[in-house]
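Sequence first, then the predicted structure:
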Amino acid sequence: MALYTYSFSEKKRDLTDVLSTVIKDEPRFISNFKRVEDASQQKHEWLEDQIAGRALTASDVTSMVVTASPLDVAKLKVGTLVVVKDDSALFQVTAVNSSTTFTVLLVATNGSSITTPATDDILNIVSSPMVEGSANGDGEESYHLSDSDYNCTQIFRKDIILTGSALAINILGNVDNQINRQTAFALGETARDLNRVALFGRRIQAASGTIGEIGGLYYYGTSGSSLGIDAAGIALDSFMVNDAAQNILSEGGEPSQILCSPGQARVLSNEFRDKLQIVRSDDKRGAYVAVVVNEINGRAMTIMADPDVPDTDAWVMDAAGFGLSNLKGRSLSDEDATPKGFDGIKRMALGELTLEFKNARQRLCRIHGLQSSAAALAAIQAA
C-alpha cells in the first residue's frame, strides 16, 4: 500500500494537450510543429506534397527545340505559355517531343527584343489555356503523391518524484498541486529536449538492441540535393535571405520563416530596423520575432531567433511541411509509478512520437558559413 495518496493516484492522465500548449508557448523552433495524424508504426511514412515550381530550366536550345529535365518537361502541355525569367516575350509550347524536349513558338514580343530562349534560361510558366468543352485528361495534372519519406519514433520519459520530506513541508500546497507543478516542469524540459531533437536529431529506426531516434532539421535539410547557400564568411543580410527564398519559390515552396540565432536576428534586424513589425500573437511566438516583407513575392516572413541554432547558420523555410505525430496509443501520459514502501510519490511521464518534414528538399534552404554575429555586430557598431 502506498504511503501517500492523492486524488488521481490510480489514474493515467493524457498529457498531449498540455504538451501541445507548452510547445506552442516555447520560444523555439519546435513551436512550428502542429499536431498531425497519429503514427501507426515506429517507421512513420508520409506522402510528399506535389509542390513543383512553376518554372523550368533550359539545358539546351536548338532551333526553338528546348531540352530540359524530365521533371520539368512533365509540367508542360501543348499550348502552355512561358516567358523567360526577367523578360516579357511570350512563348507557347507547340509540341512535347519527348520526356526531355519540347518545341516553342514566339507568340507575343510584348516589347521585348528576344526571339528565342537561350541555354540555361529559366522559363516561368504563365498558364495552360483550355479549349471550350475540355475533356478528362486535358487539364494540368496535379497529384498528391510525388514521393514519400519517413521518420522514426522516439520515446521520451520523465520521472516525477516528490519525497516524503517535500510533501511534509507543504509549501506548494496540497499533494495534487505539487504533482501538477512538477509535471509542468517535466513537460517544459521535454519541450526543450524535443526542440533540440527537432534541430539536430538523427533518424534511427528501432530494432532489437537499437533505440529509435527522430531525425531533425539538419538531418533532412542537409542531405542529398538539399537547397543551400554558402555565405563564405559574410555577414547575414537581406540578399542572402532573398536568394534562399527564391530557391524555395523556384521549387514550389512558400518561404514563410527565417530561423537563426538571437545574434544573427540582431544582425538582420539592423538592416530592417526601419521596416520591422514586432509580433506577439497566438500563432507567432519567439525569443525574438519580427515580420519582414519578402522581396521575391511580397509576402511576409517571420524571423524567429532560437538560441539552439548554430550562430553561423540561418534557415529560410516553408513551415507548412512540419508536423508532430504521436505513435498511436503512445501519446504522452503520466501514471503512478511509486514502488511499495517508497518514502514519497513517483509518477512516470512517458510518450512516443515523431516529427514530419514534408518536402524538405523543396521547403528548406540553409545559409551556412556566416560571419559570427559578434563580429558582424561589432562591425555595425564601429560603422
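Alright, I've got the coordinates.

Name the nearest residue to Gly263, sequence neighbours excluded.
Ser373 (2.7 Å; Cβ to Cβ, 6 or more residues apart in numbering). Bear in mind the C-beta positions are built from the backbone N, C-alpha and C, glycine included.

Double-check that neighbour against Ser261; I have them as touching.
Yes. Here Ser373 lies in contact with Ser261, judged by Cβ atoms under 8 Å, at a distance of 6.3 Å.

Identify each buried residue in the helix or strand containing Phe185, please.
Using DSSP states H and E, the element containing Phe185 is helix 175-200. Buried residues in helix 175-200, counting neighbours by 16 or more other Cβ atoms under 10 Å, are found at 175, 178-180, 182-183, 186-188, 190-192, 194-195, 197-199.

quick revisit: tell me how many other residues crowd the residue nearest to Gly263.
Taking other Cβ atoms under 10 Å as the neighbour definition, Ser373 ends up with a count of 21.

By mean pLDDT, flag the weakest helix or strand of this structure.
strand 277-278 (a mean of 51; mean pLDDT, DSSP states H and E).

how near is the residue nearest the centre of the chain to Glu189?
By Cα atoms, centre = their mean, the chain has its centre lying nearest to Ala319, at 4.1 Å. For Ala319, the distance to Glu189 equals 24 Å [Cβ to Cβ, to the nearest Å].

before we move on, what about Ala58?
Using Cβ to Cβ, Ala58 is found at 53 Å from Glu189.

again, but for Asn247
36 Å.

what does Lys24 give?
16 Å.

likewise Arg157?
From Arg157 to Glu189 the distance is 11 Å (Cβ to Cβ).

swap in Ser256?
29 Å.

Then His368?
In terms of Cβ to Cβ, His368 sits 30 Å off from Glu189.

try Leu217
20 Å.

How about Val197?
13 Å.

now swap in Val82 and tell me
In terms of Cβ to Cβ, Val82 sits 53 Å off from Glu189.

Now Ala89: closest residue in space, sequence neighbours ignored.
That would be Ser112: by Cβ to Cβ, 6+ apart, it lies 3.9 Å from Ala89.

and if you look at Val107?
In space, Val107 is closest to Gln92, 4.7 Å off (Cβ to Cβ, 6+ apart).

For that neighbour, give me its contacts.
Gln92 is in contact with Gly79, Thr80, Leu81, Val82, Val104, Leu105, Val107, counting by Cβ atoms under 8 Å, 6 or more residues apart in numbering.

rerun at 7 Å
Shown in contact with Gln92 (Cβ atoms under 7 Å, 6 or more residues apart in numbering): Gly79, Leu81, Val104, Leu105, Val107.

For burial, what's the neighbour tally of Gln246?
Residues near Gln246, counting by other Cβ under 10 Å: 17.

do the same with Leu56
24.

Verify the contact between it and Ala68 for me.
Yes. Look at Leu56 against Ala68 with Cβ atoms under 7 Å: they come within range, at 5.1 Å.

do you know how far Gly369 is from Ala314?
10 Å.

who does the closest residue in space to Thr222 that isn't next to it in sequence bridge with?
Among residues not flanking Thr222 along the chain, Arg366 sits closest, at 6.3 Å (Cβ to Cβ, 6+ apart). Applying DSSP bridges to Arg366 yields these beta-bridge partners: Gly228, Trp315.

dump the residue contacts of Arg366.
Gly221, Thr222, Gly228, Asp313, Trp315.

at 10 Å what do you get?
Residues near Arg366 by Cβ atoms under 10 Å, 6 or more residues apart in numbering: 217-218, 221-222, 226-230, 244, 259, 313-317.

Noted, bye for now.
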